[in-house]
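Participant: Have a look; sequence and predicted model below, questions after that.
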Amino acid sequence: MVAMTRQIARRTLVQGKNQKKPLLASHVFRLFDTWLLAPGADLFSAMKLAAISLCYAGFFRFSDLMTVQWQEIRFESSHMECFLEKSKTDQYREGRWVLISRVGGDRCVVQLVERLIHFGCYASEGPGGLIRNIVSSPVGQRVCSSCPSYHTVNSWFKEAALLLGLDPDQYATHSGRRGGATRAANVDVPDRLFKEHGGWRSERAKDGYVRLSPSHQAPLKSPNISAMATLTAKTVSTQPFQGQKPGTSGLRKKVTEFQKPHYLANFVQSTFDALPQDKVKGATLVVSGDGRYFSKDAIQIIAGIAAANGVGHIWIGEKGLLSTPAVSAVIRNRVGAGGKKASGAFILTASHNPGGPHEDFGIKYNTDNGGPALESLTDAIFEGTKTIKEYKTVDGLPEFDLTKIGVTEFKGPEGPFAVEIISATEDYVKLMKSIFDFGALKELLARKDFTFVYDALNGVAGAYAPAIFVDELGADPASLKRCVPKEDFGGEHPDPNLTYAKHLVHDMGLGAEVPDTIPEFGAAADGDADRNMILGKKFFVTPSDSVAIIAANAEASIPYFKSGLKGVARSMPTSAALDAVATKAKLKFFEVPTGWKFFGNLMDAGMCSVCGEESFGTGSDHIREKDGIWAVLAWLSILAHRNNGSEQLVTVEHIVREHWKTYGRHYYTRYDYEGVESDAANKLMAHLIEQQGDLAALNKLVKATNSAVAEVEKGDEFEYKDPVDGSVAKHQGVRFLFKDGSRLVFRLSGTGSAGATIRLYIEQYQSDESKLGLDAKDALAPLVDVALAVSKMKDFTGREEPTVIT
Ligand SMILES: O=P(O)(O)OC[C@H]1O[C@H](O)[C@H](O)[C@@H](O)[C@@H]1O
């Protein structure tokens, strides 16, 4: 008895110490993405992936894995069956069969094994083990007859851990078996099946493998502190990474950069260090995003660091999803249990940049007004990232089930810590209903002659579109396109403009081929649903016109603005269409640098109600972010108002043309040169500033290029002094202002993740009624020529054409 107790105690102690960490489902998924689905994947990476994913899915130990004979595997339509011998010397083959399901899609273990056997040409080698060594030669890789040693397979697990940004010391062959078993326990696989699958004789043996999530450990209705999982603090040593300066809207880099061990953690810890401590200790934080690839891992990492830094509660949108405007709405409006309000948010998005294992990820911090952090804070975060030596996190945090709305509570190192999964749509839909007249919008959508299409470009707007357009406003579900949010946005560029929203552009009759039936109204959103593009039948509304038209019609069409606008604002490169509306309506007007945060200060001070940017951003003071769905509802409201009682449909095109008649037209276009070498882009900008030094010489060049173009009256770099806090933002774009009011603006994008993007904005005002209907391309051709000559665009960049024209 004594001996037995001693033995158990020793085992328990040793086990606790050496026990390796379980792999998570998301880890295995990511290994599929990197070792099988990414370009460059080869036979060797497929072999490593097969070994690891089989240990996970079959709960295999190393010894089990090595007994799987490829020729004995039975492939069925719903699963595969692997035979595990009890031992090599077992004459009666009293082994057991392990069944592994097909899960469909690209990340299916069964499909992987089938492909491995096929491409590895196992049949030509004769019977033998499934997991083999691979030899590489100049003619390629091939599966050889020998099987890898324990040491080799163990090193594959460590390599996987490193790739996933985990500590390799904590992962080994048992991490697969433990991970699979933990996952099964947490999704309530019945005990009998579970034990059989893993070949465990006793409950005890099985339980030793499983890390239950707290909802399983503490199934009590009311939180019972003694039943809560305990999170233990730990400090992790790290080193600074170069270049963690947040851009116009947060830190954006390739996913592979964010996957580097400690990369994200450094930024998050630096944010906590830069924040006033009352916004951290015991505070409630929102952590969510557009659902792009790496979001789920990021949520786990941030939650651990938040708990260790003393955050009290985090709100995560269902499935990790919250659009950027919805985050702003949650911060400003959501009141949780006990009157909790959020003090800020980590928004996980790279906005309109593509997503996926080899594309972009991003993170930005929004403060308690619901808007992006101001420069003083982002500068402090950046400073922190330059010197960081360690960060805090916790052990014991389980992988969250993001699909289940509810609260999980923990004993955190600094006090109680709770993770709450909230509805992604509830707060936002409520806010929209308080702003617009949904009854009037419903009537518009019910008109037989009004047809509508909404394209979420596979971004997070897809989570909101059914709730708003279909459930609330009665739109036909078929009018929603690409409204299922995807981690990689379906491999497309989730940017609503004439180039990237190509399916919508085609459907609206603006493509090369014109369809037979075209909807009256079309709109699209970007990845995180803060941008919008508005289209009429065969008609594009420039974002600069869009904000001007919304401002001109807001008071009459939108209940939220019924007592008038407090003021309006636009970013500097946006056309002056809004200025014309402000002048006529005698509204306060502001021209701010690019970046939504500049509007926030004006709105907080009650100086601005409606604002917009040429970069497909439009919004109002209902939140502190631009808002893609809000802009669509604003346009529908204008249409509903104008069509109230009208027998013949007043269309988008009617409204815009009428606006031009009243205010004149600001012809406008933007040329983007993406992926330019940074050095070349900087030289071009320096050259432009030099040109401004000698206006006489500059005007000679202008006239020589096209004598019809007016003379440049002034050239400068835009500088902004915030009227609220007096802060000054310099070098915000190089401007050339012409005598007839035309403008050329050059600036470097602040949102790219690699190289530089040069943006060239071209604008010309026209009030002559006979010249309002030209094609913008024709109207602006002379100014475009001047812009290219003045900037020596081709000489500096080697580019004949821009990447995108809008
Ligand atoms: O710096 P750029 O690439 O031109 O992007 C500019 C845009 O970036 C983000 O989308 C910001 O939220 C916008 O406010 C800004 O207009």
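Facilitator: In hand now; what should we look at?

Participant: which residue ranges form the helices in the stretch 651-800 of the chain?
Facilitator: Using DSSP state H, counting those that start in this stretch, the helices assigned to the stretch 651-800 of the chain run over residues 652-663, 678-692, 695-705, 776-791, 793-797.

Participant: cool, and the stretch 501-650 of the chain?
Facilitator: Under DSSP H, counting those that start in this stretch, the stretch 501-650 of the chain gives helices at 502-507, 543-557, 577-585, 597-604, 628-643.

Participant: closest one to Arg132 among those?
Facilitator: Nearest of the helices of the stretch 501-650 of the chain to Arg132, taken as CB to CB: helix 502-507 at 45.0 Å. Every C-beta, even on glycine, is put in place using the N, C-alpha and C of the backbone.

Participant: from the chain's centre, how far out does the closest one sit?
Facilitator: Here helix 502-507 shows a centroid-to-chain-centroid distance of 23 Å under the convention CA atoms, centre = their mean, to the nearest Å.

Participant: so the residue lying closest to Gly129 once chain neighbours are set aside is in which element?
Facilitator: For Gly129, the nearest residue in space outside its immediate sequence neighbours is Cys147; the separation is 4.6 Å by CB to CB, 6 or more residues apart in numbering. Cys147 is located outside every helix and strand, with elements delineated by DSSP states H and E.

Participant: For Cys147, give its distance to the ligand.
Facilitator: As for Cys147, its distance to the ligand is 52 Å (criterion: CB to the nearest ligand atom, to the nearest Å).

Participant: Can you name the residues of the chain that neighbour the ligand?
Facilitator: When proximity is defined by CB under 6 Å from any ligand atom, the chain lies next to the ligand at 248-249, 351, 571, 594-596, 613, 615, 617, 749-751, 759.

Participant: Now the two most distant members of these.
Facilitator: Across the residues of the chain next to the ligand, the longest distance by CB to CB is 16.4 Å; it joins Trp596 and Arg759.

Participant: ok, back up a step: out of the helices of the stretch 651-800 of the chain, the one nearest Gly356 is which?
Facilitator: helix 678-692 (23.9 Å).

Participant: Identify each buried residue in that closest one, please.
Facilitator: Taking 16 or more other CB atoms under 10 Å as the neighbour-count basis, helix 678-692 is seen to contain the buried residues 680-681, 684-685, 688, 691-692.

Participant: Repeat that for stretch 360-378.
Facilitator: The neighbour-count criterion (16+ other CB under 10 Å) identifies 360-367, 369-374, 377-378 as the buried residues of stretch 360-378.

Participant: With respect to Glu719, which of these is nearest?
Facilitator: Distance ranking of these against Glu719, using CB to CB, places Leu374 first at 17.1 Å.

Participant: Quick one: residues contacting the closest one.
Facilitator: Contacts for Leu374 (CB atoms under 8 Å, 6 or more residues apart in numbering) come out as 367, 597, 600-601, 727.

Participant: got the contact list for the residue most central in space within the chain?
Facilitator: What sits nearest the mean C-alpha location of the chain, by CA atoms, centre = their mean, is Thr349, with 2.9 Å. When the contact criterion is CB under 8 Å, 6+ apart, the partners of Thr349 are 250, 289-290, 292, 324, 362-364, 460, 527-528.

Participant: go on, Asn333?
Facilitator: Each residue near Asn333 by CB under 8 Å, 6+ apart is listed here: 427, 430-431.

Participant: for Glu487, same thing?
Facilitator: Glu487 makes contact with 291-293, 295, 355-356 under the criterion CB under 8 Å, 6+ apart.
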